[in-house]
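Colleague: Need coordinates for the following:
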Amino acid sequence: MTDTVIDNEAEAAVRTEVRAFLDANWRPGLPRHEWLAAAVDSGWAAPGFPAAWYGRGLGPELARIAQTEFARAGAPGGGQDAYNLWANTVLAFGSDDLKQRFLRRLLMDDVAMCLLYSEPGAGSDLAGIQTTAVRDGDEWTVNGQKVWTSGGREAEFGMLIARTDWDQAKHRASRSSGSPCASPAWRCGRCARPRATHASTRCSSPTPACPTPTASVR
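Modeller: Numbering: from 1, shown residues only. A predicted model of the protein is given here:
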């Protein structure tokens, strides 16, 4: 019973605080970027993140209350600790330098991203990927081809899966990295398929291969 009372008090406190923030800062028609800056910097856009990284250090249940209140008010940008794939990945696996450079920008939706997973001949089976990443000093040299890359033409960075060691089991030898899509080594084209409802984007890295900083690889 005591634990329930404490939980209810904590929930009520979070609900009161986030409502006060929304009442003071949110109004329909507010420029999206201006609003997101306020939400991100307050920690309410991703309340489950640590306070040092644009969050409030809340557990999942309390964080969901904040997300619910954002939805109730019609305010965008809430619940990013639950759904923002890019920010969550950088928080979980990125170096402090990577977090400092990208975490706020990702929460602000200032970085156009795409997934570089699927490949010709492998589809979405990551165990069958053929794209390679070879360590070269402070960089990884990436060679390969990716398909079905939604947003690939517009992306600033892609979340890439590549093989780093052919002597290891397939999944153990795969690594994820943030690859700069603006690199001239990446070439993107349209792949229109007969009777397809839409065209996909094919991104390939021919010679010269695409360099990726080691700080972007995990």
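
Colleague: residues of the helix or strand hosting residue 67 that come out buried?
Modeller: Using DSSP states H and E, residue 67 sits in helix 60-73. Of all the residues in helix 60-73, those buried under the rule 16 or more other CB atoms under 10 Å are 62-67, 69-70, 73. Placement of C-beta: from N, CA and C, glycine included.

Colleague: ok, now stretch 99-110?
Modeller: Buried residues in stretch 99-110 (16+ other CB under 10 Å): 99, 101-104, 106-109.

Colleague: Helices - which of those residues land there?
Modeller: Among the buried residues of stretch 99-110, the residues falling in helices (DSSP state H) are 99, 101-104, 106-107.

Colleague: Please report how far residue 71 lies from residue 40.
Modeller: For residue 71, the distance to residue 40 equals 17 Å [CB to CB, to the nearest Å].

Colleague: Low-confidence stretches in the chain?
Modeller: 1-7, 169-218 (pLDDT under 70).

Colleague: Output the residue ranges of the helices in it, listed in chain order.
Modeller: With helices called from DSSP H, the chain shows them at 2-25, 32-42, 60-73, 80-83, 85-93, 96-107.

Colleague: Distance to residue 144 added to the buried residues of helix 60-73, as JSON lines?
Modeller: Shown next, in JSON lines, are those (distance: CB to CB, whole Å):
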{"residue": "62", "distance to residue 144": "42"}
{"residue": "63", "distance to residue 144": "37"}
{"residue": "64", "distance to residue 144": "39"}
{"residue": "65", "distance to residue 144": "43"}
{"residue": "66", "distance to residue 144": "40"}
{"residue": "67", "distance to residue 144": "37"}
{"residue": "69", "distance to residue 144": "44"}
{"residue": "70", "distance to residue 144": "39"}
{"residue": "73", "distance to residue 144": "45"}
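
Colleague: can you name the two of those that are farthest apart?
Modeller: Maximum pairwise distance among those (CB to CB): 17.4 Å, between 62 and 73.

Colleague: any idea how this protein splits into domains?
Modeller: Here the domain parsing of the chain from automatic domain parsing is 2-107, 113-216.

Colleague: quick one: the spatially most central residue of the chain from residue 92, how far?
Modeller: Geometric centre of the chain, nearest residue: residue 86, 0.6 Å, by CA atoms, centre = their mean. For residue 86, the distance to residue 92 equals 11 Å [CB to CB].

Colleague: what's the answer for residue 48, then?
Modeller: Distance of residue 48 to residue 92, given as CB to CB: 12 Å.
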